[in-house]
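>>> just the structure for this:
(2 chains)
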There are 2 protein chains.
Amino acid sequence: MLPFARVTIIGLGLIGSSIARAVRVTMPTVRITGYDRDPGVRDTAVRIGLCDDVADSAGAAVIDADLVMLCVPVGAMAAAAADIADDLPADAIVSDVGGSKESVIAALRAVLPHAVLVPGHPVAGTENSGPESGFATLFRGRWCILTPEEGCAEAPVARLRAFWEALGADVELMTPRHHDLVLAVTSHVPHLIAYSIVGTASDLEEVTQSEVIKFSAGGFRDFTRIAASDPTMWRDVFLNNREAVLEILQRLTEDVTMLQRAIRWGDGDTLFDLFTRTRAIRRSIIAQGQDDARPDFGRDHGETAAV
Amino acid sequence: MLPFARVTIIGLGLIGSSIARAVRVTMPTVRITGYDRDPGVRDTAVRIGLCDDVADSAGAAVIDADLVMLCVPVGAMAAAAADIADDLPADAIVSDVGGSKESVIAALRAVLPHAVLVPGHPVAGTENSGPESGFATLFRGRWCILTPEEGCAEAPVARLRAFWEALGADVELMTPRHHDLVLAVTSHVPHLIAYSIVGTASDLEEVTQSEVIKFSAGGFRDFTRIAASDPTMWRDVFLNNREAVLEILQRLTEDVTMLQRAIRWGDGDTLFDLFTRTRAIRRSIIAQGQDDARPDFGRDHGETAAV
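Presented below is the predicted three-dimensional model:
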């Protein structure tokens, strides 16, 4: 009944450790083996009991796996694949959680040309990093996108789908190229803009950093959450989804320029029309359970007694 | 002991109704009179018992006030001031909550040249609008900026400071011009970018709106909260803080262009350096109590049992 009996997780950060926790909760009989190239992370994983086994090498970790999940930054996928290549069982399914798919597939295929590969990407996360920041419900009600290569057999895709559904996720299939474009819009460019605006704000001479922090409740603080995400992971995402990110960024720049012109010329109707349209998108996101319906994300305001 | 005995609130939306609720809780003996030019909002205010009195006209609402708080969109300030001009007691303090200050002061002064004016701006809000979306703790632990004109007497500023502190806010004084620049950075440009990116995402041909909504948990949904804010209020803010918004937007555009170039040329160091720096800002915002320390803003993830 279980899609896999022995799951190996390579990379025990936020996502890898959340998968371990979610497997433990939802499929308690599955044997979980973990590995991280950072010995400190391995020690932490042992201390908090994240896995059944923490291996000393990537090769030892995969030797009897039936699912190997690569949970490392996109730029480290090739090295992680090379580390397991010699010990990977021929029938093990290899998957990953990388935020860009075309480049990851190319990197993995260069090292593992004959592996049973089903690339994936759970669209979930928080701004925190490391093995202790994961939690078992991270994927619940979130989407996981699988991007099998052309000609991939159906059975491994079905098994991986069952695995993610067991963790509470909804699964969607997409081509790698379409995934990269969708994520450029819904994740990569928003992160880039958030990083950028936080950087711009902290570099001004006329407004001090202390003022930016103090008055951040006016909207700025919403950007700082995703601008606190893991720097290595995000550097790799931008370098590896370059074409799609640059395309969407160009579109955004044109649209911002249009708004800039509307402000300069006092064209309130253009502003009002856009600001009305964007409200509807928020309502749909909430209606589909992809965000918290409470105002202000449900942030703590003390006792919000309805007076 | 109370800074004011009779407070009149003109405009009973999110901010006006939150002030009414907060006064009711923190200074229960203060008499609260409300007015809104929308009869439907006045009816709602009566029905939910927001004020002691809901007046039928702005003039009647201010006739015995010692504080008149104008809580209307920035573009409606002049009209609201004109409506009260004939009935305003000479010694009443007039204040407002507008998000831009130089233009609001000019608009109010054109109609109320001799009023005791102490302009203000509570840096707080949610994406919701209307009299029923307010709550008493909205200002608690948030900053309220007062921007008295040059030569303003100290006593009215001290009274208004005491009023906001009673509602739970911290108070800071600033020149109107500096306020407008600080808010352009911490609030106005973030809102404009959020509106813009949500608009861009919903206009693409290659990615459907339904995909944008489905996969919004990758970061996009953080932008949609502030892009769901009141369209009239925000149109007015941009038209009334034009210079500062255009200046900050120009800076941001330069910085985004620099990142765009780094991505195009594969310059990972530039990206990594920025992404590391921005993490520190988030930590400071949380350390100063200006945002929720819980990951993901404390959004609901089901039972996040530490497994």
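>>> whichever residue of the stretch 1-150 of chain A sits closest to chain B - how many residues pack around it?
Per C-beta to the nearest C-beta, A:Thr126 is where the stretch 1-150 of chain A lies closest to chain B, at 3.8 Å. C-beta: built from backbone N, CA, C; applies to glycine. Applying other C-beta atoms under 10 Å in any protein chain shown, we find 21 residues neighbouring A:Thr126.
>>> name the SS class of it, please.
coil (DSSP: H, G, I helix; E, B strand; the rest coil).
>>> ok now do the closest residue to it other than its chain neighbours, which residues does it touch?
Distances taken as C-beta to C-beta, 6 or more residues apart in numbering or on different chains put B:Pro295 closest to A:Thr126, at 3.8 Å, once the chain neighbours are dropped. Taking C-beta atoms under 8 Å, 6 or more residues apart in numbering or on different chains, we find B:Pro295 in contact with A:126-128, A:133.
>>> who in the stretch 51-200 of chain A is up against chain B?
A:75, A:99, A:123-128, A:133, A:135-138, A:140-143, A:145, A:172, A:178, A:181-183, A:185-200 (C-beta under 8 Å from any C-beta of the partner chain).
>>> what's the domain layout of chain A?
A:6-174, A:179-296 (automatic domain parsing).
>>> could the ones you listed go into a markdown table alongside mean pLDDT?
Putting the domains of chain A into a markdown table (pLDDT from 0 to 100) gives the following:
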| stretch | mean pLDDT |
| --- | --- |
| domain A:6-174 | 97 |
| domain A:179-296 | 95 |
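>>> minimum distance to B:Cys152: which of those domains has it?
For the domains of chain A, proximity to B:Cys152 was assessed by C-beta to C-beta; domain A:179-296 is nearest, at 21.5 Å.
>>> now the terminal residues of the closest one, how far apart.
29 Å (C-alpha to C-alpha, to the nearest Å).
>>> can you report phi and psi for the residue lying closest to A:Glu127 once chain neighbours are set aside?
Leaving aside its chain neighbours, A:Glu127 sits nearest to A:Ala228 (4.2 Å; criterion: C-beta to C-beta, 6+ apart). Main-chain dihedrals, A:Ala228, degrees, to the nearest 10: phi -100, psi 10.
>>> got it, and A:Cys144?
As for A:Cys144, its main-chain torsions (degrees, to the nearest 10) stand at phi -120, psi 130.
>>> quickly list what it is bridged to.
Taking DSSP bridges as the rule, A:Cys144 bridges to A:Pro122, A:Val171.
>>> thought A:Gln260 was touching B:Leu249?
Yes. Using C-beta atoms under 8 Å, A:Gln260 is in contact with B:Leu249, at 5.7 Å.
>>> compare those two (neighbour count), which wins?
Shown here are A:Gln260 and B:Leu249; by other C-beta under 10 Å, B:Leu249 has more neighbours (23 against 18).
>>> circling back to that earlier point, so can I have a markdown table of the domains of chain A showing distance to B:Ile84?
A markdown table is the format used below for these (distance: least, C-beta to C-beta, whole Å):
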| stretch | distance to B:Ile84 |
| --- | --- |
| domain A:6-174 | 46 |
| domain A:179-296 | 24 |
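>>> contacting residues around A:Ser129?
A:13-14, A:229-230, A:233.
>>> and if we set it to 10 Å?
By C-beta atoms under 10 Å, 6 or more residues apart in numbering or on different chains, A:Ser129 lies in contact with A:13-15, A:228-233, B:279.
>>> wait, which of the residues you listed is closest to B:Lys214?
Nearest member of the contacts of A:Ser129 to B:Lys214, counting by C-beta to C-beta, is A:Ile15, at 19.2 Å.
>>> show the subsequent helix or strand relative to the longest helix belonging to chain A.
Counting residues, the longest helix in chain A under DSSP state H turns out to be helix A:242-264. Where DSSP states H and E defines the elements, the next helix or strand beyond helix A:242-264 is helix A:268-287.
>>> for that next one, packing partners?
On a contact count with 3 or more C-beta pairs under 10 Å, 6 or more residues apart in numbering or on different chains; DSSP states H and E, helix A:268-287 meets helix A:242-264, helix B:189-203, helix B:209-214, helix B:220-226, helix B:231-240.
>>> I'd like the ones you listed as a markdown table, with distance to B:Arg264 appended.
Below are these laid out as a markdown table (distance: least, C-beta to C-beta, whole Å):
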| stretch | distance to B:Arg264 |
| --- | --- |
| helix A:242-264 | 6 |
| helix B:189-203 | 19 |
| helix B:209-214 | 25 |
| helix B:220-226 | 23 |
| helix B:231-240 | 31 |
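>>> winner for burial among those helices?
helix B:220-226 (a mean of 27; mean count of other C-beta atoms under 10 Å in any protein chain shown).
>>> any idea how far it is from the chain center?
17 Å (C-alpha atoms, centre = their mean, to the nearest Å).
>>> which secondary structure elements does that helix contact?
So helix B:220-226, by 3+ C-beta pairs under 10 Å, 6+ apart, packs with helix A:189-203, helix A:220-226, helix A:268-287, helix B:189-203, helix B:209-214.
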